[in-house]
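# Here is my input; please provide its structure:
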Amino acid sequence: MKKTQFDFDTLIDRTQTQSDKWAKYPEHVIPMWVADMDFDSPECIKSALNKRIDQGVFGYTHASKSLNSAILNHLECRYHWSISPTAIFHLPGLVCALHMAVRAFSNENDGIIVPGPVYYHLNRAPKLSQRQLITVDMTIQQDRWIPDFNQLEKACAQANAKMILLCNPHNPGGTVYTREELAQVHALAKKYDLLVVSDEIHCDLIFDDLQHIPFASLNEDAANRTITLMAPSKTFNLAGLGYAFAVIENAKLRQTFNNAKSGLIPYPNMLGLVAASAAYQEGQQWHQALLSYLTKNRNFLQQWLEKTPFSIQKLEATYLAWIDVSALDIDNPHHFFLEAGVGVSDGKEFGNSSFIRLNFGCPMRQLEQAIERLEVALKKNNIL
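Numbers count the residues shown, from 1 in each chain. Below is the predicted model of the structure:
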């Protein structure tokens, strides 16, 4: 097999870089929690950043025409989704946009529907803005996490229901929704006249030749009732540079969103704009090599899990494994992993304390070291 020109195997010391990921736990713990990969950035991004820094002036900056063109081309080539340039909003992050969308398009005590377990900010956004959080269970069907559609319809039918917050692909479950599944969600949104805010930040991290389908691309009605949130940050590990974008095709919704964010959400960081442009214009080969590497890591992790009492559903997207560790039969599985020297995300943050979320976006050797530690802990406790 031809060796890739990109290096994903080198262990990079991030302990002295003010990294949130590496500062959370004691030094002896391998951090595998937050969605932050431990790989060197693509050379095209580093080169673009260095070139911009060498110019030496860091004044107010707006998005270049080349960034807008790169986003349009990315959406068209990868998802067959054609949008107008006027539909794009450049933002300093996806989380702030998620919270702003809830506040911009609903009022206090309105119902916000969230299928879960799910990335915790989808639950926090309604709670922090005094909206009613209406939860819908994610259920396992054919080894995949999908919403309970009977529950979803009952939620949509509530008199105060205003909006659905959708995580597409699903984090932490790793589901890539099919067109039919998304159409079911859309049918309910249309029937009960609900807005949809679709968090699609993991849309470029898809395995097994599956296809991500932007919710807004389903049809004209979906386009007119959807706020789509995307970013290169998870794919190219640019979270620290603060860049995301929203796609809002409905002109009235665009105006409402723009009014709500004015004076509250700043324009993206200059270096975030530069990095995003380089990523979407020149990062395709690195991206494909990344997916191949992550696929190997995923397969290695799944094969190991088959030898344990733990279980996992099909992991179709993201580098985040949502693992059922209820077989431990203890109150705090997260603490068990931490004592073993592996720092994972606590499942209760997402809505189920019987699970943990493990980030395998790291060099294979680092993943092997984590598994070696877990094997020792499981054997010590007569679980393996």
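# Show me which positions of the longest strand along the chain end up buried.
Assignment by DSSP state E gives strand 132-141 as the longest strand of the chain. Neighbour counts over strand 132-141 (16 or more other CB atoms under 10 Å) mark Q132, L133, I134, T135, V136, M138 as buried. C-beta: built from backbone N, CA, C; applies to glycine.
# Disregarding flanking residues, what is the spatial nearest neighbour of the last one?
Counting by CB to CB, 6 or more residues apart in numbering, M138 lies nearest to W145, which is 4.8 Å off, once chain neighbours are set aside.
# Downstream of the helix or strand containing that neighbour, the next helix or strand is which one?
Counting by DSSP states H and E, the element that carries W145 is strand 144-147. Remark: after strand 144-147, the chain's next helix or strand is helix 149-156, criterion DSSP H and E.
# Now name the helix or strand holding the closest residue to C96 other than its chain neighbours.
Residue nearest to C96 in three dimensions, not counting chain neighbours: I265, with 5.6 Å by CB to CB, 6+ apart. Secondary structure assignment for I265, by DSSP H and E: no helix or strand.
# May I see the buried residues of stretch 316-336?
Neighbour counts over stretch 316-336 (16+ other CB under 10 Å) mark 316-326, 328, 333-334, 336 as buried.
# which one of the residues you listed sits closest to S84?
Distance to S84, by CB to CB, is smallest for A317 among the buried residues of stretch 316-336, at 27.2 Å.
# beta partners for the closest one?
Counting by DSSP bridges, A317 is bridged to I206.
# Which neighbouring residues are in contact with it, exactly?
A317 makes contact with P169, H170, G174, T175, V176, H202, C203, L205, I206, F207, L210, H212 under the criterion CB atoms under 8 Å, 6 or more residues apart in numbering.
# before we move on, back to that, can you put the buried residues of strand 132-141 in CSV and add pLDDT and distance to D7?
Listed next are the buried residues of strand 132-141 as CSV, based on pLDDT from 0 to 100; distance: CB to CB, whole Å:
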residue, pLDDT, distance to D7
Q132, 98, 49
L133, 98, 43
I134, 98, 46
T135, 98, 43
V136, 98, 42
M138, 98, 36
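# And the helices in the stretch 201-350 of the chain?
Applying DSSP state H, counting those that start in this stretch to the stretch 201-350 of the chain gives helices spanning 220-224, 233-236, 251-261, 270-282, 284-305, 333-339.
# Give me the mean pLDDT for the strand holding W145.
Strand 144-147 carries an average pLDDT of 98.
# How about stretch 16-27?
For stretch 16-27, the per-residue pLDDT averages 96.
# Same check on stretch 153-160?
The average pLDDT for stretch 153-160 rounds to 98.
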